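Undergrad: Dropping a prediction and its sequence here:
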Amino acid sequence: MSFGINRRTFTVVSAAALMATVAGSAFAQSGEYPRNETLYMSGAQWGNIVGFNPYFGNFANGLIGLVNETLFRYDPIADKYIDWLAEKGEWESPTVYKLTIRSGIKWSDGEDFTADDVKWNIDLGKLPTIWWTDLYKSIKSVEASGNTVTVTFDGTPNYQAWQNAVWNIPMMKPSQWKDHANETEITSWTPDEPIGTGPYVFDKAGYDPTTRVVWTKTPDGWWAAKAGISPDPKPKYIIDLVNSSNNVALGLLLSGRQDLNNNFLPGVATLISGGYGLHTYYDKPPYMLPAVTSWLLPNTKKAPLDDAAFRRALAFAINTDQIAKVDYGNLVLPASPTGLLPVWDKYIDKEAVKEHGFSYDPKRAAETLDEAGYKKGADGFYQTPKGEPIDLKIEVPSGWSDWMQAVQMISADAKAVGIKITPRYPDFNTYQSARNTGNFDLMIENSQPLSDTPYTYYRYLYQLPILSSQTNYNFARFEDKEAWDLTVELAKTPRTDVDKMKEITAKLQVAFMDKLPMIPLWYNGAWAQMSTTTWKNWPADGTDRQFIPISWRGWLQMTGLDTITHLEPAGE
């Protein structure tokens, strides 16, 4: 994610001024929640909060993980699954998977959480607007009996898709959602107060969709703490702040009035040594754990971005080393031409990268365009082979300063080759809507998080069919049936069969680098700046707190939740 402050104007000298700007802010003056009992987070919510539907973009941050929990969780540092609402999940045969649901878990309204509830949530996959609908098509039956749920697949299961789904599908209360479990409302309707099984519940009195959501510890106690599976979280309240004024947000963090900030902050090394009580996972560069690949997203339904030669020329034109150095101060690394995250390095085909990859080479970029029939006009910019002018727009959300500087650098690199690209900075919700509906030329995009398998990466790139609204995958709207078929084959390969996975991913890497439906740029860090003023025991390298201190959507059900449950008051 990004933090909206102009890096060219931020200096340590300005820190006092930044802290002064929050003195009269609504956040600083909100005294209804005792400071020593409240955890303030920020970094996920850009634009107004859009309710409490986990299948709709920009829902209240913390909903999945703090309220609506998942059957399992995943620890990416240890590369292991964590039994959660389900105490066991196992393959009874190559086509039958059995879940054993924990007993003693209750919904926040006091009713029991049951195997029937799990079956209902899995069966939501029958709706075409649900993100695992393709996986559900391979399921023959879902049966609940006692505390077990048996899922029978029709033919070879999508093993990897299923394993990924069981730690990402949020459990919602059927009685709250049953009248809205249809193709349209499942991604548009929102309850007034979500019902979940997690350690927190919604605090309606403190909610303001323009500024914050407040979560309060469940009054009847949390099942995981009662069972001794997890520490009981010490913060009585969690307030997730909407990213608004950059000066206010940074001032809150530096003054100890914000505890966890998951934005990119320029000058982080100076901040850590500046006496502000800040903490990062590593105490030296790169300071942050790796998180996601940041991409140049082309709309492949628009010319000339529908041309693989033009996309490859763009890849050769961009100096990602310079972006990493100047824009990020070497807090990030340029991405592999495959786009695969470092955690998946064992799958990268090094020989294929040598033959099919790319690196910064403006001369090669121009040669690629020339060979494909593009010619420069009188203004010095390339035109299409038909002689039409090329004038592309590249968009990133307003306030995301690292991305804003990156697109300025990309635009300059493209201009040096002869490609006209103009940056634009819409608000986040406008940016997201344009991405989902295909109303854009170019964007920077990085919504696919680190996961347990490279299958999720290729699903993100290639999923078919293309819908009118692409809310999760294939934002480039790129149609490559052969690559999608390989992705499906990968999904049907057990995670234990690493050799087969390597064989399939090698083919996918060649297909990707030859056509570049998206262009990998750099690896974003798991941005996390933590204040030790109110809370301590934050995750850190070299300790027993090997958790990812991230509150972004999709990360709490990894070990973001453990970050919260292991905190202790700083004064104790």
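TA: Arrived safely. Numbers count the residues shown, from 1 in each chain.

Undergrad: Tell me where the stretch 201-350 of the chain is predicted with low confidence.
TA: Low-confidence segments of the stretch 201-350 of the chain (pLDDT under 70): 245-248, 269.

Undergrad: mind listing the helices for it?
TA: Ranges of helices within the stretch 201-350 of the chain are 223-226, 246-254, 268-272, 308-317, 320-322, 350-356, based on DSSP state H, counting those that start in this stretch.

Undergrad: what's the nearest residue to Leu71 if we skip its chain neighbours?
TA: Leaving aside its chain neighbours, Leu71 sits nearest to Ala86 (4.1 Å; criterion: CB to CB, 6 or more residues apart in numbering). The way it works is simple: take the backbone N, C-alpha and C, and place the C-beta from them, glycine included.

Undergrad: Kindly report the domain assignment for the chain.
TA: As assigned by automatic domain parsing, the chain contains the domains 12-67+198-288+526-569, 72-180, 290-524.

Undergrad: Can you show me the strands along the stretch 251-400 of the chain?
TA: In the stretch 251-400 of the chain, the strands defined using DSSP state E, counting those that start in this stretch lie at 260-261, 278-279, 290-298, 333-334, 375-376, 382-383, 392-395.

Undergrad: who touches the second one?
TA: By that I understand strand 278-279. Residues outside strand 278-279 that contact it (CB atoms under 8 Å, 6 or more residues apart in numbering): 253-254, 271-272, 529-532, 538, 540.

Undergrad: Same question for the fifth one.
TA: The set of residues that contact strand 375-376 without belonging to it, under CB under 8 Å, 6+ apart, is 382-383, 385, 387, 418.

Undergrad: Report the contact partners of Pro170.
TA: Counting by CB under 8 Å, 6+ apart, Pro170 has contacts 54, 63-64, 68-70, 121.

Undergrad: Checking it next. Helix, strand or coil?
TA: At Pro170 the chain is in coil, as set by DSSP: H, G, I helix; E, B strand; the rest coil.

Undergrad: Just give the nearest non-adjacent residue to it, would you?
TA: Nearest non-adjacent residue to Pro170 (CB to CB, 6+ apart): Asn68, at 4.0 Å.

Undergrad: same check, this time on Gly525
TA: Nearest non-adjacent residue to Gly525 (CB to CB, 6+ apart): Met288, at 3.3 Å.

Undergrad: I'd assumed Phe264 was in contact with the one you found.
TA: No - the criterion here is CB atoms under 8 Å, and Met288 misses it with Phe264 at 9.1 Å.

Undergrad: Which residues are in contact with each of these two?
TA: In contact with both Met288 and Phe264: 331, 525, 527, using CB under 8 Å, 6+ apart.

Undergrad: what's the neighbour count on the last one?
TA: Other residues within reach of Trp527 by the criterion other CB atoms under 10 Å amount to 25.

Undergrad: Could you do the second one as well?
TA: Burial measure for Gly525: 23 neighbouring residues, criterion other CB under 10 Å.

Undergrad: winner for burial among the helices of the stretch 201-350 of the chain?
TA: The highest average neighbour count among the helices of the stretch 201-350 of the chain, using mean count of other CB atoms under 10 Å, belongs to helix 246-254 at a mean of 25.

Undergrad: quick one: which two of the contacts of strand 278-279 are the most distant?
TA: For these, the maximum inter-member distance is 20.0 Å, found between Leu254 and Ala540 (CB to CB).
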